[in-house]
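Undergrad: show me how the following folds:
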Amino acid sequence: MSDLEADPTEALCEPSPSPGAITELYPAREVPLGGVRGVYVERTLPQRDLPTVGAWCFLDRFGSPTVTTTGASPDILPHPHIGLQTVTWPFDGRIRHRDSVGSDVEIEPGQLNLMTSGRGIAHSEFGVPGANAGNGLQLWIALPGSATGVEPHFEQHRELPVYAEPGLRATVLIGSLGGVTSPAQAYTPIVGADVVLDPGARVRLPLERAFEHAVLVVDGTVTVDDTELGPGPLLYLGTDRTEVLLSSTEGAHVALIGGEPFGEELVMWWNFVGRSHDEIVAAREAWEARDTGRFPDVLGHPPDERIPAPPLPPLRLKPRKRATGCGHG
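TA: Numbering: from 1, shown residues only. A predicted model of the protein is given here:
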């Protein structure tokens, strides 16, 4: 799970407010990963006015039928992360994941793949020979300050719990939904669910009132309360909701994310989530110096097979005071 833009812009995030029940649309933007690599994704988090939804701080859709296709290889060489958990949720296709804690697994649809970086981890993602590149979601969850030093680890959950109502089936990836709880390790109050609506469904989905939530349509069209939504934009629902009404004439596939508003300032740059400019600089220098104490080599890759860090912008990265809470610098 990666942000491989050649010239990444830092996201400078203040603690999230509790906005109440609102309805706001945030468009997806097409982002080239690694510039000349020619691989594109649709990104809906972070946004200038919406840096996080709960602890969710990054959301890419890869392989979308509306994204630019160049035929470039989607393989991603070893690269580092700090301060976050990565979530890989493929809808089809297979991906080989290898990392610096010794994992070497194939990621397949229907499995939750959760990598916790702690103070430092590195990994690679390659296509599986004979399998298509697929499409799916890749997300980051910001670790709270109390968990940024946890031991790096990787989890793969092949059996996930399901919240079901007539016309609706929601696979709970992480956190809890309607009393159904995922086995995945979470460090903040959070929810992530993959929701499938049958044709003609009209279902009230229970929500945690203290959480903020957002909905992304993967396929089909769904009406969320009074807002009709198709694939592409992220629909932000705010807080103070105990339920949301989902209805679909032809059926739909939807991702739900949410969590307790994140109460800490964050600085996000490249593949790092930190609390200060100095923390980001230290992580970048450790990666460039090939500090194997912080970022051990990735299983199956020689030490020189890696993605170099881009240059930092010529300024100090720091949270900015904005009425909306966050912006891109």
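
Undergrad: hang on, D240 packs against E208?
TA: No - counting by C-beta atoms under 8 Å, D240 does not reach E208; the two are 10.4 Å apart. (Glycine included, C-beta is placed from N, CA and C.)

Undergrad: let me know how buried the closest residue in space to G259 that isn't next to it in sequence is, in neighbour terms.
TA: Among residues not flanking G259 along the chain, G54 sits closest, at 1.8 Å (C-beta to C-beta, 6 or more residues apart in numbering). Neighbourhood size, G54 [other C-beta atoms under 10 Å]: 26.

Undergrad: start at 766 instead
TA: OK, 766 is where the count begins now, so the last one is G819.

Undergrad: report pLDDT for G819.
TA: Predicted confidence (pLDDT) for G819: 95.

Undergrad: can I assume it is in contact with L1021?
TA: No - applying C-beta under 8 Å, one finds G819 not in contact with L1021, separated by 11.2 Å.

Undergrad: state the distance from L962 to L994.
TA: Distance check for L962 against L994: by C-beta to C-beta, to the nearest Å, it reads 12 Å.

Undergrad: so between the two, which is more surrounded?
TA: Comparing L962 with L994 by neighbour count (other C-beta under 10 Å), the higher total belongs to L962, at 26 against 21.

Undergrad: so who does that one touch?
TA: By C-beta atoms under 8 Å, 6 or more residues apart in numbering, the residues touching L962 are G932, L933, V968, G985, V987, L1011, S1012, S1013, G1016, A1017, H1018, V1019.

Undergrad: do a quick rundown of the helices in this protein.
TA: Assigned by DSSP state H, the chain shows helices spanning 1042-1053.

Undergrad: PyMOL command for the buried members of the contacts of L962?
TA: Remark: buried members of the contacts of L962, expressed as a PyMOL selection using 16 or more other C-beta atoms under 10 Å:
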select buried, resi 932+933+968+985+987+1011+1012+1013+1016+1017+1018+1019
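
Undergrad: nearest to V915 among the contacts of L962?
TA: V1019 (30.8 Å; C-beta to C-beta).

Undergrad: partner residues bridging that closest one?
TA: On the basis of DSSP bridges, V1019 is bridged to V960, V982.

Undergrad: circling back: any common contacting residues for L962 and L994?
TA: With C-beta under 8 Å, 6+ apart, L962 and L994 have common neighbours V987.

Undergrad: count the neighbours of L877 for me.
TA: 23.

Undergrad: what's near enough to touch it?
TA: Contacts of L877 (C-beta under 8 Å, 6+ apart): V852, W854, E920, Q921, H922, L925, L938, I939, S947, A949.

Undergrad: mind pulling the model confidence for it?
TA: pLDDT for L877: 93.

Undergrad: that one and R974, how far apart?
TA: In terms of C-beta to C-beta, L877 sits 25 Å off from R974.

Undergrad: repeat that for S865.
TA: S865 sits 40 Å away from R974 when distances are taken as C-beta to C-beta.

Undergrad: go on, L962?
TA: Distance, L962 to R974, using C-beta to C-beta: 23 Å.

Undergrad: just the mean pLDDT for stretch 1076-1086, thanks.
TA: Rounded mean pLDDT across stretch 1076-1086 is 76.

Undergrad: cool, stretch 860-873 as well?
TA: The average pLDDT for stretch 860-873 rounds to 94.

Undergrad: could you do stretch 823-841 as well?
TA: Stretch 823-841 shows a mean pLDDT of 79.

Undergrad: also stretch 1001-1013?
TA: Mean per-residue pLDDT for stretch 1001-1013: 97.

Undergrad: stretch 886-904 too?
TA: Mean predicted lDDT for stretch 886-904 stands at 87.

Undergrad: ok so, going back, as a markdown table, the contacts of L962 with distance to I1072 would be great.
TA: A markdown table is the format used below for the contacts of L962 (distance: C-beta to C-beta, whole Å):
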| residue | distance to I1072 |
| --- | --- |
| G932 | 44 |
| L933 | 40 |
| V968 | 43 |
| G985 | 36 |
| V987 | 37 |
| L1011 | 39 |
| S1012 | 44 |
| S1013 | 40 |
| G1016 | 39 |
| A1017 | 36 |
| H1018 | 32 |
| V1019 | 33 |
